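Q: Structure of the sequence below:
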Amino acid sequence: MGDELRESLLGAGLLAGTANVIMQLGRPAVGYGVMESSVESGDLFRHPLKRARTTYTYLAVAVLGTDEERAAYRQAVNTSHVQVRSTDESPVRYNAFDPELQLWVAACLYQGIEDILEVMGRPASEGLYEQAAVLGTTLQVRPEMWPADREAFAEYWAAGLGRVEIDDRTRAYLTDLVDLRFLPRPFSVLFGRFHRFVTTGFLPGRFREQMLLPWSAADQRRFERLMRGLSLVVERLPGVARQFPFNVYLHDLRRRRRAGRPLV
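A: Here you go, the predicted model:
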């Protein structure tokens, strides 16, 4: 995998994580697929550490792993996704194997990378965009589904924003994520306000509106100063530190494969 995509994922990637989840779940079929999922082990509010491991391992193997490791992780994820299907009571139809929904998730991941680069003053390149197709093709997205270039992606993204609709139930679920209510109370109290600020800063305007999250010009200036400062710190870190925690999760994946343990 190209160095440009790897370096772009790192840095502020963790801070932007919740914003990206909101973007993904803003598509009702994705949101209800997550909220109604019968995969108990993947429930963030019951198993926050395991859910984090699954998510970050996916990013790690997609960006840092080998083709063989991506295939192995795809098979492991599929065993969980097979259970994620809408029922007669579901307000929207969904199927975790739907490549169109997976394309939307991958597009959110890529758009999130562009947003991180923009706020840090580093423009995205066409080469980075081409590399990012792996964010979807690691699962069921076919290579030809990935928009041909950044112009085509911009058209896809604009159309996708028109399909974003966050209802009261989804908003309540996502607000709990924003305020870190899935963590023990001391952590949510200590870090919840900062996490809300950073998450809101990384959200495109459409999602802020849907989430009813206020944001002012002064907030934007504070956010940009914070991210520029963080960028300077990250650039001075050694490579191993910049890749944390993705390198740790990739090492864990390889250890689990050697030991024959479940990957998700």
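
Q: just how off-centre is the longest helix seen in the chain within its chain?
A: The helix spanning the most residues in the chain, taking DSSP state H as the definition, is helix 99-119. Computed by CA atoms, centre = their mean, to the nearest Å, the chain-centroid distance of helix 99-119 equals 8 Å.

Q: Now that helix: buried residues?
A: Judged by neighbour count (16 or more other CB atoms under 10 Å), helix 99-119 contains these buried residues: 99, 101-117, 119. Every C-beta, even on glycine, is put in place using the N, C-alpha and C of the backbone.

Q: for it, packing partners?
A: Packing contacts for helix 99-119, counted by 3 or more CB pairs under 8 Å, 6 or more residues apart in numbering; DSSP states H and E, involve helix 3-9, helix 17-25, helix 28-35, helix 134-137, helix 150-161, helix 185-202, helix 217-235.

Q: After that helix, which helix or strand is next?
A: Next along the chain after helix 99-119, taking DSSP states H and E as the criterion, comes helix 126-131.

Q: Near Thr57, how many other residues are there?
A: 25 (other CB atoms under 10 Å).

Q: surely it meets His251?
A: No. Using CB atoms under 8 Å as the test, Thr57 is too far from His251 to be in contact (10.2 Å).

Q: Any idea which of the helices and strands packed on helix 99-119 gets closest to Arg257?
A: helix 134-137 (19.2 Å; CB to CB).

Q: Dump the closest one to CSV, restricted to CA.
A: Extracted in CSV, the C-alpha atoms of helix 134-137 (Å, rounded to 0.1, in the frame of the first residue of the first chain):
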residue,chain,number,x,y,z
VAL,A,134,-8.7,-0.5,-1.0
LEU,A,135,-10.9,0.9,1.8
GLY,A,136,-13.8,-0.6,0.0
THR,A,137,-12.3,-3.5,-2.0
